[in-house]
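Participant: With the input below, show me the fold.
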Amino acid sequence: MLVSKKSIFKISFLITFVILLSGGQLFAQFPGEARLQLGGERMAVLDQYGLNFGVEYFFADRFSLAPNFTISFPRQGRFTNFNADLRYYFTEGTFQFYGLAGYSNIWINAQSDGAGTRVSRPGGNAGLGGMVKVTSKFGVNAEYKLQSQNFRQHVFRIALVYLL
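Facilitator: So this is what the prediction gives:
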């Protein structure tokens, strides 16, 4: 039996919600800390889902750089998105909430075989997110951002985080 992309996103969201309710221990962000993330992404305006992976590096107390890349699965064509976000964490501990601002570039090719014209749309990001540390090495990240490209894309992301 095949599982739809929407079902996978709903299941991922439910698992993340359960993990968020489970709590964790207290931790803080320190300069030099790094994190890896892998998760799912939902682009509301384009009505498509994607796989997102990225890194996060704390260069100062409560400040981090978080570049990430998304490969989306549109009904037709190819769609990728690169983001380089600056995050500021408002809280420390088990529940870490942050604001973000950054750069985004979306590449769209309407042809599935890659033979079509590739369109690049640079823009900016602004949003909010939160990370819950479940153990000393793992956490769950949820994020909402608005991308300023022509179609004002609303992006929702849920990811598993590995703390290095």
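Participant: Please name the strands paired to the helix or strand harbouring Leu65 in the sheet, noting orientation.
Facilitator: Element membership of Leu65 [criterion: DSSP states H and E] is strand 63-72. In the sheet containing strand 63-72, the strands it pairs with under DSSP bridges are strand 48-60 (antiparallel), strand 78-89 (antiparallel).
Participant: ok, Gly127 to Ser120 distance?
Facilitator: Per Cβ to Cβ, to the nearest Å, Gly127 is found 21 Å from Ser120. Quick note: C-beta positions are derived from backbone N, CA and C, even for glycine.
Participant: Please apply the same query to Gln153.
Facilitator: The gap separating Gln153 from Ser120 is 15 Å, by Cβ to Cβ.
Participant: which stretch among the strands paired with strand 63-72 comes nearest Ala159?
Facilitator: Evaluated over the strands paired with strand 63-72, closeness to Ala159 peaks at strand 48-60, with 6.4 Å, by Cβ to Cβ.
Participant: if we can go back for a sec, most packed of the strands paired with strand 63-72?
Facilitator: The highest mean neighbour count among the strands paired with strand 63-72, using mean count of other Cβ atoms under 10 Å, belongs to strand 78-89: a mean of 19.
Participant: Now tell me what touches that strand from outside.
Facilitator: When contacts are defined by Cβ atoms under 8 Å, 6 or more residues apart in numbering, strand 78-89 is touched by residues 29, 46, 48, 50, 54, 56, 62-73, 96-109, 111-112, 114, 125, 129, 145, 147.
Participant: Can I get it in CSV, CA atoms only?
Facilitator: Once non-C-alpha atoms are left out, strand 78-89 reads as follows in CSV (Å, rounded to 0.1, in the frame of the first residue of the first chain):
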residue,chain,number,x,y,z
ARG,A,78,11.7,20.2,-9.9
PHE,A,79,11.8,22.6,-7.0
THR,A,80,14.7,23.3,-4.5
ASN,A,81,15.2,26.0,-1.9
PHE,A,82,18.3,27.2,-0.1
ASN,A,83,18.0,29.3,3.2
ALA,A,84,20.7,31.0,5.3
ASP,A,85,19.1,32.2,8.5
LEU,A,86,20.3,34.1,11.5
ARG,A,87,18.5,32.9,14.6
TYR,A,88,18.3,34.7,18.0
TYR,A,89,17.1,32.5,20.9
